[in-house]
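> Build the 3D model from these lines:
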Amino acid sequence: MKKDSLSITDNRNGKTYEIPIENGSIRAPELRRIKLDADDFGIMSYDPAYMNTAACASSITYIDGKKSILRYRGYPIEELAEKSSFLECAYLLIYGELPTREQLDHWTTRIMRHTYIHENLVRIIESFRYDAHPMGILISSVAAMSTFHPRARDVDDPESREKQMWRILGKLPTIAAFAYRVRIGRPHNYPDISRGYAGNFLYMLDYMNEHDYEVPPALSRALDVLFLLHADHEQNCSTATMRSVGSSRVDPYSAVAAAAAALFGPLHGGANEAVLRMLEEIGSVAAVPAYVERVKKGEIRLMGFGHRIYTSYDPRASIIKKVAYDVFEVTGGNPLIDIALELERIALENDYFVSHKLYPNVDFYSGIILQVMRFPTDMFPVLFAIPRAAGWLAQWTEMLNDPAQKISRPRQIYTGYEQRPYVPMEERTSLRSTT
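From the prediction side, this is the model:
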(Lines give C-alpha, C1' and ligand atoms only; values in the text may rest on other atoms or scores of the structure.)
Protein backbone atom coordinates (compact mmCIF):
# COMPACT_ATOMS: atom_id res chain seq x y z
CA MET A 1 0.00 0.00 0.00
CA LYS A 2 1.38 3.39 -1.04
CA LYS A 3 2.10 5.81 1.79
CA ASP A 4 2.75 9.54 1.60
CA SER A 5 5.87 9.22 3.68
CA LEU A 6 9.60 8.71 3.50
CA SER A 7 11.37 5.93 5.42
CA ILE A 8 14.86 6.89 6.57
CA THR A 9 17.22 4.41 8.17
CA ASP A 10 20.03 5.80 10.32
CA ASN A 11 22.94 3.47 9.59
CA ARG A 12 24.71 4.65 12.74
CA ASN A 13 22.28 2.77 14.96
CA GLY A 14 19.90 0.96 12.61
CA LYS A 15 16.83 2.96 13.63
CA THR A 16 14.22 3.73 10.97
CA TYR A 17 12.09 6.88 10.93
CA GLU A 18 8.97 7.58 8.90
CA ILE A 19 8.76 11.18 7.70
CA PRO A 20 5.42 12.47 6.27
CA ILE A 21 5.43 13.87 2.73
CA GLU A 22 3.18 16.90 2.16
CA ASN A 23 2.95 18.70 -1.20
CA GLY A 24 6.02 16.85 -2.44
CA SER A 25 8.15 17.95 0.51
CA ILE A 26 9.10 17.01 4.03
CA ARG A 27 9.22 19.36 6.99
CA ALA A 28 12.83 19.97 7.95
CA PRO A 29 12.12 19.83 11.74
CA GLU A 30 11.10 16.18 11.25
CA LEU A 31 14.78 15.43 10.66
CA ARG A 32 15.48 16.52 14.23
CA ARG A 33 13.92 13.24 15.36
CA ILE A 34 16.95 11.43 13.94
CA LYS A 35 19.48 11.46 16.77
CA LEU A 36 21.86 9.11 18.54
CA ASP A 37 20.80 9.97 22.10
CA ALA A 38 18.70 12.45 24.06
CA ASP A 39 21.55 14.99 24.14
CA ASP A 40 22.02 14.91 20.36
CA PHE A 41 20.65 17.98 18.57
CA GLY A 42 19.38 15.86 15.69
CA ILE A 43 19.98 15.89 11.94
CA MET A 44 19.88 19.20 10.05
CA SER A 45 19.71 19.67 6.29
CA TYR A 46 22.58 21.64 4.75
CA ASP A 47 21.49 23.66 1.72
CA PRO A 48 23.65 26.69 0.79
CA ALA A 49 21.72 29.23 -1.32
CA TYR A 50 18.46 27.32 -0.70
CA MET A 51 18.93 25.17 -3.80
CA ASN A 52 16.33 22.66 -2.61
CA THR A 53 14.72 24.23 0.44
CA ALA A 54 11.26 25.81 0.58
CA ALA A 55 11.12 28.54 3.22
CA CYS A 56 7.43 29.25 2.73
CA ALA A 57 4.19 28.09 1.18
CA SER A 58 2.78 30.60 -1.31
CA SER A 59 -0.23 30.89 -3.62
CA ILE A 60 1.05 33.94 -5.52
CA THR A 61 3.30 32.84 -8.39
CA TYR A 62 3.65 29.43 -10.01
CA ILE A 63 6.66 28.50 -12.13
CA ASP A 64 7.41 25.28 -13.99
CA GLY A 65 10.89 25.84 -15.35
CA LYS A 66 10.89 22.70 -17.50
CA LYS A 67 7.66 23.60 -19.28
CA SER A 68 8.25 27.38 -19.56
CA ILE A 69 5.22 28.16 -17.40
CA LEU A 70 4.82 31.35 -15.37
CA ARG A 71 1.47 32.21 -13.79
CA TYR A 72 0.30 34.93 -11.43
CA ARG A 73 -2.42 33.53 -9.15
CA GLY A 74 -3.09 30.86 -11.78
CA TYR A 75 -3.32 33.22 -14.77
CA PRO A 76 -0.78 32.55 -17.57
CA ILE A 77 1.70 35.37 -18.00
CA GLU A 78 1.06 35.36 -21.76
CA GLU A 79 -2.65 36.21 -21.28
CA LEU A 80 -1.94 38.86 -18.69
CA ALA A 81 0.68 40.54 -20.89
CA GLU A 82 -1.78 40.66 -23.78
CA LYS A 83 -4.97 41.64 -21.95
CA SER A 84 -4.06 43.20 -18.62
CA SER A 85 -2.03 46.09 -17.20
CA PHE A 86 0.63 46.39 -14.55
CA LEU A 87 -1.64 47.97 -11.93
CA GLU A 88 -4.32 45.35 -12.55
CA CYS A 89 -1.71 42.62 -12.07
CA ALA A 90 -0.42 44.34 -8.93
CA TYR A 91 -3.96 44.14 -7.55
CA LEU A 92 -4.15 40.47 -8.56
CA LEU A 93 -0.86 39.64 -6.85
CA ILE A 94 -1.74 41.40 -3.61
CA TYR A 95 -5.43 40.51 -3.25
CA GLY A 96 -5.54 37.18 -5.07
CA GLU A 97 -8.23 37.95 -7.66
CA LEU A 98 -8.61 40.17 -10.70
CA PRO A 99 -10.44 43.37 -9.75
CA THR A 100 -13.86 44.47 -10.91
CA ARG A 101 -14.04 47.75 -12.81
CA GLU A 102 -14.97 49.61 -9.60
CA GLN A 103 -12.17 47.94 -7.63
CA LEU A 104 -9.58 48.70 -10.30
CA ASP A 105 -10.69 52.33 -10.57
CA HIS A 106 -10.43 52.77 -6.79
CA TRP A 107 -7.07 50.97 -6.67
CA THR A 108 -5.63 53.01 -9.54
CA THR A 109 -6.93 56.30 -8.12
CA ARG A 110 -5.43 55.66 -4.69
CA ILE A 111 -2.02 54.74 -6.11
CA MET A 112 -1.90 57.66 -8.54
CA ARG A 113 -2.94 60.11 -5.80
CA HIS A 114 0.11 58.95 -3.86
CA THR A 115 2.58 59.64 -6.65
CA TYR A 116 3.48 62.99 -5.04
CA ILE A 117 6.30 62.82 -2.51
CA HIS A 118 7.00 64.95 0.55
CA GLU A 119 9.08 68.04 -0.18
CA ASN A 120 11.53 67.01 2.54
CA LEU A 121 12.10 63.79 0.61
CA VAL A 122 12.68 65.86 -2.53
CA ARG A 123 15.45 67.70 -0.69
CA ILE A 124 16.98 64.38 0.40
CA ILE A 125 17.09 63.26 -3.23
CA GLU A 126 18.61 66.59 -4.26
CA SER A 127 21.35 66.21 -1.63
CA PHE A 128 22.99 63.26 -3.40
CA ARG A 129 26.08 63.81 -5.53
CA TYR A 130 25.49 64.32 -9.24
CA ASP A 131 27.15 60.95 -9.98
CA ALA A 132 25.27 58.95 -7.33
CA HIS A 133 23.89 55.69 -8.65
CA PRO A 134 20.09 55.99 -9.07
CA MET A 135 19.56 52.64 -7.37
CA GLY A 136 21.46 53.88 -4.33
CA ILE A 137 19.23 56.96 -4.28
CA LEU A 138 16.11 54.80 -4.57
CA ILE A 139 17.17 52.49 -1.72
CA SER A 140 18.05 55.41 0.55
CA SER A 141 14.87 57.34 -0.26
CA VAL A 142 12.58 54.38 0.35
CA ALA A 143 14.27 53.70 3.68
CA ALA A 144 13.84 57.38 4.59
CA MET A 145 10.12 57.14 3.84
CA SER A 146 9.67 55.04 6.98
CA THR A 147 10.37 58.19 9.00
CA PHE A 148 7.66 60.12 7.13
CA HIS A 149 4.97 57.52 7.89
CA PRO A 150 5.40 56.26 11.47
CA ARG A 151 2.05 54.45 11.41
CA ALA A 152 3.58 52.07 8.88
CA ARG A 153 5.15 50.22 11.81
CA ASP A 154 1.71 48.88 12.71
CA VAL A 155 2.03 46.02 10.24
CA ASP A 156 -0.77 44.00 11.83
CA ASP A 157 -3.36 46.64 10.91
CA PRO A 158 -4.78 45.74 7.45
CA GLU A 159 -5.94 49.31 6.81
CA SER A 160 -2.49 50.72 7.55
CA ARG A 161 -0.82 48.04 5.43
CA GLU A 162 -3.03 48.87 2.48
CA LYS A 163 -2.28 52.58 2.68
CA GLN A 164 1.47 51.94 2.77
CA MET A 165 1.13 49.76 -0.34
CA TRP A 166 -0.63 52.60 -2.18
CA ARG A 167 2.16 54.92 -1.12
CA ILE A 168 5.02 52.63 -2.11
CA LEU A 169 3.60 51.76 -5.52
CA GLY A 170 2.70 55.39 -6.17
CA LYS A 171 5.91 57.03 -5.00
CA LEU A 172 8.57 54.68 -6.40
CA PRO A 173 8.28 56.01 -9.98
CA THR A 174 8.45 59.59 -8.70
CA ILE A 175 11.55 58.90 -6.62
CA ALA A 176 13.17 57.22 -9.64
CA ALA A 177 12.27 60.07 -11.99
CA PHE A 178 13.47 62.76 -9.55
CA ALA A 179 16.75 60.88 -9.04
CA TYR A 180 17.22 60.74 -12.81
CA ARG A 181 16.50 64.45 -13.28
CA VAL A 182 18.89 65.41 -10.47
CA ARG A 183 21.67 63.44 -12.11
CA ILE A 184 21.25 65.20 -15.46
CA GLY A 185 20.89 68.63 -13.85
CA ARG A 186 17.30 69.32 -14.87
CA PRO A 187 14.35 70.51 -12.76
CA HIS A 188 11.79 68.00 -11.56
CA ASN A 189 8.54 67.27 -13.32
CA TYR A 190 5.81 66.71 -10.77
CA PRO A 191 3.38 63.85 -11.47
CA ASP A 192 0.57 64.14 -14.00
CA ILE A 193 -1.78 61.39 -12.89
CA SER A 194 -3.95 61.72 -15.98
CA ARG A 195 -1.26 59.96 -18.02
CA GLY A 196 -1.50 56.57 -16.32
CA TYR A 197 1.16 54.70 -14.36
CA ALA A 198 3.80 54.06 -17.05
CA GLY A 199 2.90 57.17 -19.06
CA ASN A 200 3.27 59.42 -16.02
CA PHE A 201 6.68 57.92 -15.26
CA LEU A 202 7.93 58.57 -18.79
CA TYR A 203 6.52 62.10 -18.62
CA MET A 204 8.36 62.86 -15.38
CA LEU A 205 11.59 61.59 -16.96
CA ASP A 206 11.42 63.37 -20.32
CA TYR A 207 9.16 66.42 -20.31
CA MET A 208 11.06 69.59 -21.28
CA ASN A 209 8.21 72.12 -21.34
CA GLU A 210 7.35 71.26 -24.95
CA HIS A 211 4.02 72.47 -26.28
CA ASP A 212 1.45 69.66 -26.56
CA TYR A 213 3.92 67.07 -25.22
CA GLU A 214 2.66 63.50 -25.43
CA VAL A 215 4.16 60.17 -24.41
CA PRO A 216 4.01 57.80 -27.41
CA PRO A 217 1.36 55.17 -26.51
CA ALA A 218 3.56 52.36 -27.85
CA LEU A 219 6.33 53.30 -25.42
CA SER A 220 3.94 53.64 -22.51
CA ARG A 221 2.41 50.25 -23.30
CA ALA A 222 5.82 48.63 -23.76
CA LEU A 223 7.01 49.87 -20.37
CA ASP A 224 3.75 48.73 -18.77
CA VAL A 225 4.26 45.23 -20.20
CA LEU A 226 7.84 45.20 -18.93
CA PHE A 227 6.55 46.21 -15.49
CA LEU A 228 3.92 43.47 -15.62
CA LEU A 229 6.46 40.79 -16.56
CA HIS A 230 8.78 41.80 -13.72
CA ALA A 231 6.09 42.16 -11.03
CA ASP A 232 6.84 38.87 -9.29
CA HIS A 233 8.96 35.79 -9.82
CA GLU A 234 8.52 33.52 -6.83
CA GLN A 235 11.25 33.26 -4.16
CA ASN A 236 14.18 35.02 -5.82
CA CYS A 237 16.94 36.75 -3.84
CA SER A 238 15.16 40.09 -3.36
CA THR A 239 11.77 38.50 -2.57
CA ALA A 240 13.36 36.17 -0.03
CA THR A 241 15.01 39.27 1.47
CA MET A 242 11.64 41.03 1.67
CA ARG A 243 10.17 38.09 3.53
CA SER A 244 13.19 37.61 5.78
CA VAL A 245 13.49 41.27 6.80
CA GLY A 246 9.70 41.62 7.01
CA SER A 247 9.50 38.63 9.35
CA SER A 248 10.92 40.86 12.10
CA ARG A 249 7.72 42.93 11.73
CA VAL A 250 9.61 45.97 10.52
CA ASP A 251 7.72 48.60 8.50
CA PRO A 252 7.30 47.87 4.74
CA TYR A 253 9.51 50.79 3.66
CA SER A 254 12.51 49.31 5.47
CA ALA A 255 11.74 45.86 4.08
CA VAL A 256 11.36 47.19 0.52
CA ALA A 257 14.65 49.09 0.87
CA ALA A 258 16.34 45.84 1.92
CA ALA A 259 14.77 43.96 -1.00
CA ALA A 260 15.88 46.69 -3.40
CA ALA A 261 19.41 46.45 -2.00
CA ALA A 262 19.40 42.74 -2.82
CA LEU A 263 18.18 43.58 -6.31
CA PHE A 264 21.04 46.06 -6.71
CA GLY A 265 23.53 43.20 -6.91
CA PRO A 266 24.86 42.46 -10.41
CA LEU A 267 23.84 38.81 -10.15
CA HIS A 268 20.20 39.82 -9.70
CA GLY A 269 19.16 43.19 -11.10
CA GLY A 270 22.08 43.95 -13.40
CA ALA A 271 21.82 41.06 -15.85
CA ASN A 272 20.24 43.01 -18.73
CA GLU A 273 23.05 45.57 -18.59
CA ALA A 274 25.52 42.68 -18.94
CA VAL A 275 23.64 41.51 -22.05
CA LEU A 276 24.07 44.93 -23.67
CA ARG A 277 27.77 44.94 -22.93
CA MET A 278 28.06 41.48 -24.50
CA LEU A 279 26.18 42.48 -27.67
CA GLU A 280 28.29 45.62 -28.00
CA GLU A 281 31.44 43.54 -27.56
CA ILE A 282 30.34 41.15 -30.34
CA GLY A 283 29.85 44.20 -32.56
CA SER A 284 28.30 42.64 -35.68
CA VAL A 285 26.24 39.72 -36.91
CA ALA A 286 29.29 38.33 -38.71
CA ALA A 287 31.19 38.09 -35.42
CA VAL A 288 28.53 35.97 -33.69
CA PRO A 289 29.81 32.49 -34.73
CA ALA A 290 33.30 33.21 -33.43
CA TYR A 291 31.88 34.52 -30.15
CA VAL A 292 29.77 31.38 -29.77
CA GLU A 293 32.85 29.22 -30.23
CA ARG A 294 34.63 31.13 -27.46
CA VAL A 295 31.64 30.50 -25.19
CA LYS A 296 31.77 26.77 -25.96
CA LYS A 297 35.48 26.71 -25.08
CA GLY A 298 34.72 28.27 -21.70
CA GLU A 299 36.66 31.44 -22.44
CA ILE A 300 33.67 33.75 -21.85
CA ARG A 301 30.10 33.56 -20.58
CA LEU A 302 26.95 33.90 -22.66
CA MET A 303 24.91 36.61 -20.94
CA GLY A 304 21.10 36.54 -21.05
CA PHE A 305 20.98 32.78 -21.54
CA GLY A 306 20.13 30.25 -18.90
CA HIS A 307 18.19 30.67 -15.66
CA ARG A 308 18.34 29.02 -12.28
CA ILE A 309 14.62 28.19 -12.50
CA TYR A 310 13.94 27.85 -16.23
CA THR A 311 15.58 24.88 -17.94
CA SER A 312 13.82 25.81 -21.17
CA TYR A 313 12.80 29.10 -22.82
CA ASP A 314 11.86 31.83 -20.34
CA PRO A 315 8.22 32.64 -21.25
CA ARG A 316 8.83 36.32 -20.53
CA ALA A 317 11.59 36.46 -23.14
CA SER A 318 9.26 35.60 -26.03
CA ILE A 319 6.79 38.30 -24.90
CA ILE A 320 9.49 40.96 -24.63
CA LYS A 321 10.86 39.98 -28.03
CA LYS A 322 7.48 40.87 -29.57
CA VAL A 323 7.23 44.10 -27.60
CA ALA A 324 10.65 45.16 -28.93
CA TYR A 325 9.33 45.56 -32.47
CA ASP A 326 6.44 47.74 -31.28
CA VAL A 327 9.01 50.00 -29.65
CA PHE A 328 11.16 50.10 -32.78
CA GLU A 329 8.19 51.44 -34.73
CA VAL A 330 8.51 54.60 -32.62
CA THR A 331 12.22 54.81 -31.87
CA GLY A 332 13.69 53.25 -34.98
CA GLY A 333 15.70 50.05 -35.01
CA ASN A 334 18.65 49.05 -32.91
CA PRO A 335 21.66 47.34 -34.52
CA LEU A 336 22.01 45.18 -31.42
CA ILE A 337 18.70 43.43 -32.16
CA ASP A 338 20.16 41.84 -35.29
CA ILE A 339 23.11 40.55 -33.28
CA ALA A 340 20.76 39.26 -30.60
CA LEU A 341 18.55 37.45 -33.12
CA GLU A 342 21.55 35.77 -34.74
CA LEU A 343 22.97 34.81 -31.37
CA GLU A 344 19.63 33.33 -30.32
CA ARG A 345 19.27 31.44 -33.63
CA ILE A 346 22.71 29.83 -33.41
CA ALA A 347 22.35 28.98 -29.72
CA LEU A 348 18.95 27.33 -30.14
CA GLU A 349 20.26 25.19 -32.99
CA ASN A 350 23.49 24.20 -31.26
CA ASP A 351 23.61 20.95 -29.29
CA TYR A 352 26.05 22.47 -26.80
CA PHE A 353 23.60 25.13 -25.62
CA VAL A 354 20.56 22.87 -25.79
CA SER A 355 22.31 20.15 -23.77
CA HIS A 356 23.35 22.73 -21.18
CA LYS A 357 19.77 24.10 -21.13
CA LEU A 358 20.92 27.57 -22.13
CA TYR A 359 17.88 29.36 -23.50
CA PRO A 360 17.18 33.12 -23.66
CA ASN A 361 15.86 34.61 -20.43
CA VAL A 362 13.96 37.81 -19.68
CA ASP A 363 17.14 39.91 -19.60
CA PHE A 364 18.19 39.02 -23.13
CA TYR A 365 15.79 41.41 -24.89
CA SER A 366 14.69 43.77 -22.09
CA GLY A 367 17.99 45.69 -22.10
CA ILE A 368 17.68 46.38 -25.83
CA ILE A 369 14.19 47.82 -25.36
CA LEU A 370 15.29 50.03 -22.48
CA GLN A 371 18.29 51.24 -24.43
CA VAL A 372 16.26 52.35 -27.46
CA MET A 373 13.88 54.11 -25.05
CA ARG A 374 16.99 56.11 -24.01
CA PHE A 375 17.31 54.84 -20.44
CA PRO A 376 20.87 54.95 -19.10
CA THR A 377 22.09 51.47 -18.19
CA ASP A 378 22.44 52.35 -14.51
CA MET A 379 18.67 53.01 -14.47
CA PHE A 380 17.95 49.39 -15.43
CA PRO A 381 17.83 47.98 -11.87
CA VAL A 382 15.58 50.88 -10.86
CA LEU A 383 13.19 49.94 -13.65
CA PHE A 384 13.26 46.41 -12.24
CA ALA A 385 12.59 47.56 -8.66
CA ILE A 386 9.54 49.70 -9.46
CA PRO A 387 7.34 46.82 -10.65
CA ARG A 388 8.90 44.17 -8.42
CA ALA A 389 7.65 46.16 -5.43
CA ALA A 390 4.17 44.81 -6.24
CA GLY A 391 5.42 41.26 -5.83
CA TRP A 392 7.43 42.14 -2.74
CA LEU A 393 4.34 43.63 -1.09
CA ALA A 394 2.19 40.65 -2.06
CA GLN A 395 4.77 38.25 -0.61
CA TRP A 396 5.15 40.42 2.50
CA THR A 397 1.40 40.47 3.11
CA GLU A 398 1.15 36.71 2.61
CA MET A 399 4.02 36.18 5.04
CA LEU A 400 2.39 38.36 7.71
CA ASN A 401 -0.87 36.43 7.41
CA ASP A 402 0.76 32.98 7.46
CA PRO A 403 0.55 31.48 10.99
CA ALA A 404 3.39 29.08 10.15
CA GLN A 405 5.85 31.95 9.69
CA LYS A 406 8.12 33.19 12.46
CA ILE A 407 11.07 35.55 12.44
CA SER A 408 13.58 34.25 9.92
CA ARG A 409 16.49 32.56 11.62
CA PRO A 410 18.41 29.95 9.58
CA ARG A 411 20.52 27.32 11.32
CA GLN A 412 24.24 26.96 10.73
CA ILE A 413 26.74 24.14 10.80
CA TYR A 414 29.56 25.28 13.04
CA THR A 415 32.99 24.41 11.62
CA GLY A 416 35.19 26.54 13.88
CA TYR A 417 37.41 25.76 16.89
CA GLU A 418 36.25 23.98 20.00
CA GLN A 419 36.76 25.89 23.26
CA ARG A 420 40.20 27.54 23.51
CA PRO A 421 41.93 29.33 26.38
CA TYR A 422 42.49 33.06 26.08
CA VAL A 423 46.03 33.94 24.91
CA PRO A 424 47.69 36.99 26.50
CA MET A 425 48.89 39.66 24.08
CA GLU A 426 52.61 39.07 24.72
CA GLU A 427 52.25 35.36 23.90
CA ARG A 428 50.48 35.76 20.55
CA THR A 429 52.12 35.25 17.18
CA SER A 430 50.81 36.82 14.01
CA LEU A 431 49.62 34.44 11.29
CA ARG A 432 48.80 37.15 8.77
CA SER A 433 50.31 40.37 7.50
CA THR A 434 49.08 43.67 8.98
CA THR A 435 49.78 45.61 5.74
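> Wasn't residue 9 part of a strand?
Yes - according to DSSP: H, G, I helix; E, B strand; the rest coil, the state of residue 9 is that of a strand.
> Who are the contact partners of it?
15-17 (C-beta atoms under 8 Å, 6 or more residues apart in numbering). The C-beta positions use only the backbone N, C-alpha and C, and glycine is treated the same way.
> and it, how far is that from residue 279?
54 Å (C-beta to C-beta, to the nearest Å).
> same thing with residue 350?
Distance from residue 350 to residue 279, by C-beta to C-beta: 18 Å.
> Neighbour count for these two, which is higher?
Of the pair residue 350 and residue 279, residue 279 is the one with more neighbours under other C-beta atoms under 10 Å, namely 25 against 15.
> From what I see, that one and residue 338 are in contact.
No - in this structure residue 279 lies outside contact range of residue 338 using C-beta atoms under 8 Å: 9.6 Å.
> Can you mark which positions in stretch 19-29 are buried?
residue 26 (16 or more other C-beta atoms under 10 Å).
> End to end on it, go ahead and measure it.
Start-to-end span of stretch 19-29 (C-alpha to C-alpha, to the nearest Å) is 10 Å.
> which outside residues touch that stretch?
So stretch 19-29 is contacted by 4-8, 30-31, 44-45, 53-54, 57 (C-beta under 8 Å, 6+ apart).
> Just give me how far it sits from the chain centre.
28 Å (C-alpha atoms, centre = their mean, to the nearest Å).
> Next, the contact list for the nearest residue in space to residue 400 that is not next to it in sequence, please.
Nearest non-adjacent residue to residue 400, counting by C-beta to C-beta, 6 or more residues apart in numbering: residue 155, 6.1 Å away. Residues near residue 155 by C-beta under 8 Å, 6+ apart: 161, 246, 249-252, 400.
> Over to residue 155. Which of the three states is it?
Taking three-state DSSP, the label given to residue 155 is coil.
> how close does it get to residue 249?
5 Å.
> Between those two, which contacts overlap?
With C-beta under 8 Å, 6+ apart as the test, residue 155 and residue 249 both reach residue 400.
> Tell me where the model's unsure across the stretch 51-200 of the chain.
For the stretch 51-200 of the chain, applying pLDDT under 70 flags no range at all.
> buried residues in the helix or strand harbouring residue 320?
Counting by DSSP states H and E, the element that carries residue 320 is helix 315-331. By 16+ other C-beta under 10 Å, the buried positions in helix 315-331 come out as 315-317, 319-321, 323-324, 327-328, 331.
> biggest separation within the residues you listed, which pair?
The distance between the two most remote of the buried residues of helix 315-331 (C-beta to C-beta) is 24.9 Å, for 315 and 331.
> and the gap between the nearest residue to residue 310 once chain neighbours are set aside and residue 269?
Distances taken as C-beta to C-beta, 6+ apart place residue 65 nearest to residue 310, at 4.4 Å, with adjacent residues excluded. Residue 65 sits 20 Å away from residue 269, going by C-beta to C-beta.
> Counting neighbours, go ahead and name the busier of the two.
Applying other C-beta under 10 Å to residue 65 and residue 269 shows that residue 269 carries more neighbours, namely 24 against 15.
> Would you enumerate the residues in contact with residue 370?
Residue 370 sits in contact with 226, 272, 379-380, 383, where contact means C-beta under 8 Å, 6+ apart.
> Max pairwise distance over these: which two?
226 and 379 (12.6 Å).
> still on that earlier bit, what would the buried residues of helix 315-331 look like in JSON lines with pLDDT?
As requested, the buried residues of helix 315-331 are arranged in JSON lines below (pLDDT from 0 to 100):
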{"residue": "315", "pLDDT": "89"}
{"residue": "316", "pLDDT": "90"}
{"residue": "317", "pLDDT": "87"}
{"residue": "319", "pLDDT": "92"}
{"residue": "320", "pLDDT": "88"}
{"residue": "321", "pLDDT": "86"}
{"residue": "323", "pLDDT": "89"}
{"residue": "324", "pLDDT": "86"}
{"residue": "327", "pLDDT": "90"}
{"residue": "328", "pLDDT": "88"}
{"residue": "331", "pLDDT": "86"}
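> can you give me the strands in the chain?
5-10, 15-20, 61-64, 69-72, 75-76 (DSSP state E).
> Let me have the ones you listed in CSV, extended by distance to residue 130.
Shown next, in CSV, are the strands of the chain (distance: least, C-beta to C-beta, whole Å):
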stretch, distance to residue 130
strand 5-10, 59
strand 15-20, 58
strand 61-64, 38
strand 69-72, 39
strand 75-76, 43
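> Of all the ones you listed, which one is nearest residue 91?
strand 69-72 (10.6 Å).
> in its sheet, what does that closest one sit against?
strand 61-64 (antiparallel), strand 75-76 (antiparallel) (DSSP bridges).
> Go through that strand and flag the buried ones.
70-72.
> Ok, stretch 279-290 next?
So for stretch 279-290, counting by 16+ other C-beta under 10 Å, buried means 279, 282, 288.
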